[in-house]
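Trainee: using only what follows, build the 3D model:
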Amino acid sequence: MTSPADEVVTLASELIAIDTTNPGTYGGPGTERPAAEYVAARLSEAGYACEYVESGAPGRGNVVARLPGADPSRGALLVHGHLDVVPAEAADWTVHPFSGEVRDGYLWGRGAVDMKGMLAMTLAVARHFKRTGVVPARDLIFAFLADEEAGGVVGAQWLVEHRPDLFAGATEAISEVGGFSVTLGGGPRAYLVETAEKGSMWLRLAARGTAGHGSLLHTDNPIATLAAALARLDAHRFPVVLTDPVREFLTGAAELTGVPFDPADPEAAVARLGHLSRLIAPTLRDTATVTIVNAGYKSNVVPAVARAEVDGRMLPGRDEAFRAELGRVLGPRVEVEWSSLPAVQTTFDGPLVAAMGAAIRAEDPGARLLPYMMPAGTDAKAFARLGIRHFGFAPLRLPADLDFTALFHGVDERVPVAALEFGTRVLDRLWRSC
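Mentor: Residues are numbered from 1 along each chain as shown. This next block holds a predicted model:
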């Protein structure tokens, strides 16, 4: 009988080789079905009864399976992850992004980090438990989901609205983005656990003016109006707000590095984090990033309207303040429409947190868990609507010099083979006892 760690790399490689690029159509057809069918086949051959659901649009495949635990009176643990990935341009990569190639001790490909590696760890341990008759401490619900990379509109959001029965009894969940190690100073490794994530707000901006011939004088060119507003927005910095998860992280980091943390100057503490500051700095304030600009249709015609889209991310409790501040920066001549998902946040305590720490330290003695806030969003936003408490915990022990955060959605996305095997052992320990 093979161990979970023996097959995790094969499972991850085969999942990466299934191109599940999310088309970003926000509710349209998708590509996840072949990967969902692959997952269902691997679980079914181990003895699981799987439910396959297409969520709201053709091809949006989801698979859910449940393993009963020893104490059915306890709330179930939901283990979820997404099957879709962001696009990858093969010409930019060292290896083909959908090869799932193993090279130089790493598994390469789109989704290796985000998040087919975690899906493979989940599959490997779930299959092992079923085949060997392991009964976990409580029910485990395994969910492999569509459309996370476009907000989960026809993925987790749709399932929460239309099939909440699939998650009946779940009180806590683990998924991305956390559980990976960082080395701060010369001390023991720290493993970050996501306990909060910023809210998401997608803004659609429009400036209107008078259409006309480009050779004439214009005082209300909508492109100029919008460009000026976008320049103000790009230069604007929202205020620093020190939230509890960020304070806890910076306090823990200070203890590991021996450099005191001054709560009055959190930006200085973040600046000392090296490449990790890329992940932590956006959690000090709201952000609004221009991502799409669209105006005009002929070089000698001034259009009547110019449009743009903005990716907004708000700290917990900052929704109304963010909207008001954004309105002041953009000015009255720019129309704003938005759609949003709220921030999620939980405390860093309880039996599950203790069990995560014990499972990590059994494989990496002396290691420490640190809570942190994710600047982006995950399917945790959907499951929070069901009252499910979420932690980002996809355990990986990483080389100290690996700029891991740069690999999310990056070129040459890859994960160490040894890290996948480590994470599989940690999840095996965690699910037996938590």
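Trainee: name the element the residue of the chain most remote from its centre belongs to?
Mentor: Relative to the mean C-alpha coordinate of the chain, counting by CA atoms, centre = their mean, the farthest residue is L216 (48.9 Å). Counting by DSSP states H and E, there is no helix or strand that carries L216.
Trainee: now do stretch 108-121, average pLDDT.
Mentor: On average, the pLDDT along stretch 108-121 is 97.
Trainee: chain center to that stretch: distance?
Mentor: Put simply, stretch 108-121 sits 12 Å off its chain's centre (CA atoms, centre = their mean, to the nearest Å).
Trainee: give me the distance between the residue nearest the centre of the chain and T219.
Mentor: Nearest to the mean C-alpha position of the chain, counting by CA atoms, centre = their mean, stands T378 at 4.3 Å. Per CB to CB, to the nearest Å, T378 is found 46 Å from T219. C-beta coordinates here come from the backbone N, C-alpha and C atoms, glycine included.
Trainee: do the same with P136
Mentor: 69 Å.
Trainee: can you pull the contacts of the residue nearest to the centre of the chain?
Mentor: The neighbours of T378, taking CB atoms under 8 Å, 6 or more residues apart in numbering as the test, are E148, S175, E176, V177, E194, E197, H390, G392.
Trainee: looks like the fifth one contacts G178 (just checking).
Mentor: Yes: assessed by CB atoms under 8 Å, E194 is found in contact with G178 at 3.9 Å.
Trainee: any residues in contact with both of those two?
Mentor: The contact sets of E194 and G178 overlap at Y372, M374, F391, G392, F393 (CB under 8 Å, 6+ apart).
Trainee: how about the backbone phi and psi for the first one?
Mentor: Spelled out, it's Y372. phi -150, psi 170 (degrees, to the nearest 10).
Trainee: near it, how many other residues are there?
Mentor: When neighbours are defined as other CB atoms under 10 Å, Y372 has 28 of them.
Trainee: list the residues that contact it.
Mentor: G178, L192, V193, E194, T195, A196, P245, V246, F249, L279, I280, T283.
Trainee: circling back: in strands, which of the contacts of T378 appear?
Mentor: Applying DSSP state E to these, the entries found in strands are S175, E194, E197, H390, G392.
Trainee: grab the nearest non-local neighbour of the last one.
Mentor: Take G392 and drop its neighbours on the chain: the residue closest to it by CB to CB, 6 or more residues apart in numbering is E194, 2.6 Å away.
Trainee: one more: the fourth one?
Mentor: Closest residue in space to H390, ignoring its immediate chain neighbours: A380 at 3.8 Å, by CB to CB, 6+ apart.
Trainee: and what of A304?
Mentor: A211 (4.1 Å).
Trainee: and the pLDDT at that neighbour?
Mentor: Per-residue pLDDT puts A211 at 94.
Trainee: now it. Its backbone dihedrals?
Mentor: According to degrees, to the nearest 10, A211 has phi -70, psi 150.
Trainee: same question for E14.
Mentor: The phi/psi pair for E14 (degrees, to the nearest 10) is phi -70, psi -30.
Trainee: verify the stated contact: it with Y38.
Mentor: Yes: using CB under 8 Å, E14 is in contact with Y38, at 6.9 Å.
Trainee: between those two, who's got more neighbours?
Mentor: More crowded of E14 and Y38, by other CB under 10 Å: Y38, with 20 against 16.
Trainee: pull the contacting residues for the more buried one.
Mentor: So Y38 contacts E14, L15, I18 (CB under 8 Å, 6+ apart).
Trainee: how about the last one, secondary structure?
Mentor: The assignment at I18 comes out as coil when based on DSSP: H, G, I helix; E, B strand; the rest coil.
Trainee: now the second one
Mentor: Classification of L15 into helix, strand or coil gives helix, according to three-state DSSP.
Trainee: if I look at it, how far off is E89?
Mentor: L15 is 20 Å from E89, by CB to CB.
Trainee: the last one too?
Mentor: According to CB to CB, I18 and E89 sit 18 Å apart.
Trainee: which of the two has more neighbours?
Mentor: Between I18 and E89, counting by other CB under 10 Å, I18 is the more crowded of the two (21 against 8).
Trainee: which stretches of this structure have low pLDDT?
Mentor: Across the chain, the ranges flagged by pLDDT under 70 are 1.
Trainee: helices of that one, residue ranges please.
Mentor: Taking DSSP state H to define them, one finds helices in the chain at 4-16, 33-46, 116-132, 156-162, 222-235, 244-257, 266-271, 277-280, 319-330, 351-363, 380-383, 417-433.
Trainee: restrict the third one to CA atoms and write it as PDB.
Mentor: What follows is helix 116-132 as a C-alpha-only set of coordinates in PDB (Å, rounded to 0.1, in the frame of the first residue of the first chain):
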ATOM      1  CA  LYS A 116      -3.500  22.100  -7.700                       C
ATOM      2  CA  GLY A 117      -0.700  21.200  -5.400                       C
ATOM      3  CA  MET A 118      -3.000  21.500  -2.400                       C
ATOM      4  CA  LEU A 119      -5.700  19.600  -4.400                       C
ATOM      5  CA  ALA A 120      -3.300  16.800  -4.900                       C
ATOM      6  CA  MET A 121      -2.300  16.700  -1.200                       C
ATOM      7  CA  THR A 122      -6.000  16.600  -0.400                       C
ATOM      8  CA  LEU A 123      -6.700  13.800  -2.900                       C
ATOM      9  CA  ALA A 124      -3.700  11.700  -1.700                       C
ATOM     10  CA  VAL A 125      -4.700  11.800   2.000                       C
ATOM     11  CA  ALA A 126      -8.400  11.400   1.300                       C
ATOM     12  CA  ARG A 127      -7.700   8.300  -0.800                       C
ATOM     13  CA  HIS A 128      -5.400   6.800   1.800                       C
ATOM     14  CA  PHE A 129      -7.900   7.300   4.600                       C
ATOM     15  CA  LYS A 130     -10.600   5.600   2.700                       C
ATOM     16  CA  ARG A 131      -8.500   2.700   1.500                       C
ATOM     17  CA  THR A 132      -7.000   2.000   4.900                       C
END
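Trainee: from the contact counts, what lies against that helix?
Mentor: If you count contacts as 3 or more CB pairs under 8 Å, 6 or more residues apart in numbering; DSSP states H and E, helix 116-132 packs onto helix 4-16, helix 33-46, strand 61-67, strand 76-82, strand 140-145, helix 417-433.
Trainee: no further queries at this time; thank you.
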